[in-house]
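K.L.:
Predicted coordinates and the sequence they were generated for:
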Amino acid sequence: MPYPLAYRWFIHKGLTDWEPWYFCDTQASLQQAPDLTRNAFAARAFAKETGADFEVYLFARRQDREDFAFFVVRDGVIEDKVITVHLSFADTLELRSRLSYEHVTRSFSEWVAEVALADALEWMSEDDLQD
């Protein structure tokens, strides 16, 4: 399958809105071959700002700022390796050293626990439970 299992499982179960994060794919889009050009604006900014030696596929965005979560793409294959980055869209390298494939070790499941759920916990309030 072209997408990591855990990602497909979360979308299949409807677990796609982790306020402030939301997933870019839907069940319908997962039935298609991945369109690596769909969010080219973010992928281009990622490449320029990180100098990464790999491509990426945007799968989630944070709604309140320019934070993006990408899967690593290697030889046209979406891997279960996730990188989260704040993009400035400054069109210049933003890191002290270029990001390499070997530095990306977080899986999608780890990203959900360490980033998405942690951010959701910060956003939770009693007001969210009011109808």
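P.N.:
Noted; the coordinates are in hand.
K.L.:
where's Val56 relative to Phe23, distance?
P.N.:
Computed with C-beta to C-beta, to the nearest Å, the distance linking Val56 and Phe23 is 15 Å. Where you see a C-beta, it was placed from the backbone N, CA and C, and this is true even at glycine.
K.L.:
out of these two, which sits in the more crowded spot?
P.N.:
Val56 (25 against 19; other C-beta atoms under 10 Å).
K.L.:
Could you report the pLDDT at that one?
P.N.:
Val56 carries a pLDDT score of 97 in this model.
K.L.:
helix/strand/coil for it?
P.N.:
strand (DSSP: H, G, I helix; E, B strand; the rest coil).
K.L.:
List the residues that contact it.
P.N.:
Residues in contact with Val56, defined by C-beta atoms under 8 Å, 6 or more residues apart in numbering, are Ala43, Phe46, Ala47, Phe70, Phe71, Val72, Val73, Ile83.
K.L.:
Surely the second one is in contact with Ala52?
P.N.:
By that I understand Phe46. Yes - counting by C-beta atoms under 8 Å, Phe46 sits close enough to Ala52 to count as a contact (6.7 Å).
K.L.:
In three-state terms, label Ser81 for me.
P.N.:
Actually, residue 81 is Lys rather than Ser. Per three-state DSSP, Lys81 ends up strand.
K.L.:
What is the burial count for it?
P.N.:
Lys81, neighbours per other C-beta under 10 Å, totals 22.
K.L.:
next one: the one 4 residues further on
P.N.:
Residues lying near Val85 (other C-beta under 10 Å) number 20.
K.L.:
Now do it against Glu66, distance only.
P.N.:
Counting by C-beta to C-beta - Val85 and Glu66 are separated by 9 Å.
K.L.:
mind showing which ranges of the protein have poor pLDDT?
P.N.:
Scanning the chain for pLDDT under 70 picks out the ranges 1.
K.L.:
ok, what's across the strand from the most centrally placed residue in the chain?
P.N.:
Against the mean C-alpha coordinate of the chain, by C-alpha atoms, centre = their mean, the closest residue is Ala69 at 2.1 Å. With beta bridges defined as DSSP bridges, Ala69 has these partners: Ala60, Thr84.
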